[in-house]
Every structure is written in C-alpha cells, then in structure tokens.
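[1] have a look at this prediction, sequence included:
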Amino acid sequence: MRFTIATILALAASVAAVGNAIVKNNSNQTLYVWSVNSTIGPQNIIAPGGTYSEALHRDPKTGGITIKITKVKDGLYTGAPEQIFAYSLDGAQVWYDLSAVFGEPFNGQRVTVTSKNGATIDWPKGTNPGGSQVKVTTSTDDVVFTAYA
C-alpha cells in the first residue's frame, strides 16, 4: 500500500511540474490573444506592459496548442493578421515554434520566443527570417513570446 501511494504522489508531482506558455506585451499596442486546440478559448486582452499565461498542456484530440495573437479586437474572426505561437507538450519536452498567417502583424517590430534551456526564436523585424522556427526545451521551462515596441 505504501508503494502505491508513494508512486501516485510521485506521478502527481511530475505531472504538476510543467512550465507555462507566456505572452508578454512589451509593445505600445493592445494585443488580443486566444488559446486554440480542438476548441477556441476566450479572447484575452493584453494591455501594453501586460502578460497572458497558461500552464503548458496537451490537447487529447489535436496534441498541440496554438496561441493566436492579433492587434485587432476579435481579429481571430475577421481575417486580421495573426501571429502564431504554438507548442506541443511531449512528456519531458515541449516543442515550440513561431509563424504567421494572413500577414505578419508585427512587421517592423521585434518578436521573440525564449526559454531557459531551449534555443531562442528571434524575428528582429517581425517577419520570418527563414529557416526552421521549431525549437525544444524541457517541459518544466516557461516558454515566453515577447512583442517589443
């Protein structure tokens, strides 16, 4: 019985030990953020200097999570340019990348995705500089998208 309880507690601790996906708005514009997997989460409004955060998680249907960012209220539903900050939690690792659809909303502004133990994705001009944007880090790290002024 003790072994079972200890095993369950260890498993619970390992499941709980995950990082966060964070959007930091260091720009001078309001950002609109949705967490999307097999469903679309509510619109989150991030004022300049604000942040959005969610615990890294996995969708049982799609696997990955996409955080969609626009500069337009309700932009997800109007065809506004979207910055796509995506991640996929895979056991002890989290894979993350950056892309854009319907245009590049941060054209002319620097955007990055960073983590403590993984490589940085850096778009110094807000546009894809080319090459693979997929990176990986440990699942206990925070993965942080930052939009600059």
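    Happy to help now that I have it. The model shown is predicted, which means the values in this text are computed figures rather than measured ones.

[2] ranges for the helices of the protein?
    In the chain, the helices defined using DSSP state H lie at 2-16.

[3] is it true that residue 142 touches residue 18?
    No - counting by Cβ atoms under 8 Å, residue 142 stays clear of residue 18, with 9.6 Å between them. From N, CA and C alone the C-beta is placed, and that goes for glycine too.

[4] settle it for me: which of the two has more neighbours?
    Per other Cβ atoms under 10 Å, whichever of residue 142 and residue 18 has more neighbours is residue 18, with 19 against 16.

[5] pull the contacting residues for that one.
    55, 56, 57, 89, 94, 139, 140 (Cβ atoms under 8 Å, 6 or more residues apart in numbering).

[6] how close does residue 77 get to residue 131?
    Separation of residue 77 from residue 131 (Cβ to Cβ, to the nearest Å) stands at 31 Å.

[7] between the two, which one's more packed in?
    Between residue 77 and residue 131, residue 77 has the larger neighbour count (other Cβ under 10 Å), namely 12 against 6.

[8] quick check: mean pLDDT of stretch 84-97?
    The average pLDDT within stretch 84-97 is 96.
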